[in-house]
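> Structure of the sequence below:
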Amino acid sequence: QVQLVESGGDLVQAGGSLRLSCAAIGSILNINTIRWDRQAPGKQRELIATITRGGSTNYADSVKGRFTISRDDAKKTAYLQMNRLKPEDTGVYYCNADRILFTDQGMNAKEAVDYWGEGTQVTVSS
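Below is the predicted model of the structure:
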């Protein structure tokens with residue numbers, strides 16, 4: 001009844017830019033904190049950026065100054081603008097919402113907790 005769908009991943013040269021999107025699908029009432037994680041080949045998933053409902057943001061040191069997280073609550077979509085990309089930014093990027101309030105087909109309010117999308121692949125060539 002609720003989906004998070006990432007898009008925008010691509011193959012890009014080092015120094016280039018990409019914008020990832022994370023769209024919440026369903027009868028969404030509101031979304032709390034959204035985060036982007038990435039998982040590089042052979043490595044653990046790491047948190048890279050978060051944004052609260054109030055718009056406060058935090059970034060991993062590895063992306064600070066290059067990546068910008070934002071959200072458009074009217075569109076139920078979050079974004080990750082990635083500039084000056086490096087080969088070490090390669091990986092699968094996942095979005096997460098720590099809490100999504102939505103209604104089911106019977107118009108009952110429900111809550112999805114710690115909800116993940118399927119991910120989108122970003123590959124940065126040197």
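> for this protein, what are the low-confidence residue spans?
By pLDDT under 70, the chain contains no weakly predicted segment.
> For the residue most central in space within it, which three-state class applies?
For the chain, the residue nearest the mean C-alpha position is C95 (3.2 Å; C-alpha atoms, centre = their mean). In three-state terms, and counting by DSSP: H, G, I helix; E, B strand; the rest coil, C95 is strand.
> Now do the SS call for the residue of the chain most remote from its centre.
Ranking residues of the chain by C-alpha distance from their mean position (C-alpha atoms, centre = their mean) puts G106 at the top, at 28.9 Å. Under three-state DSSP, G106 falls in the coil class.
> Make sure the residue nearest to the centre of the chain is actually in contact with L4.
Yes. Taking C-beta atoms under 8 Å as the definition, C95 is a contact partner of L4 at 5.5 Å. All C-beta spots, glycine's among them, are computed from the backbone N, C-alpha and C.
> Mutual contacts of the two, please.
22, 116-117 (C-beta atoms under 8 Å, 6 or more residues apart in numbering).
> show me what contacts K64?
Applying C-beta under 8 Å, 6+ apart, no residues contact K64.
> which residue packs closest to S17, ignoring adjacent ones?
Spatial nearest neighbour of S17, chain neighbours left out: N83 (4.8 Å); criterion: C-beta to C-beta, 6 or more residues apart in numbering.
> what number of residues lie near the one you found?
14 (other C-beta atoms under 10 Å).
> Surely it touches D89?
No. Contact status for N83 versus D89: not in contact, 10.4 Å apart, counting by C-beta under 8 Å.
> Spatially nearest residue to A60 (excluding sequence neighbours)?
Closest residue to A60 apart from its sequence neighbours, by C-beta to C-beta, 6+ apart: I48 at 4.6 Å.
> ok, now how distant is the residue lying closest to G117 once chain neighbours are set aside from L11?
The spatially closest residue to G117, leaving aside those adjacent along the chain, is L4, at 3.7 Å (C-beta to C-beta, 6+ apart). Relative to L11, L4 is positioned 23 Å away (C-beta to C-beta, to the nearest Å).
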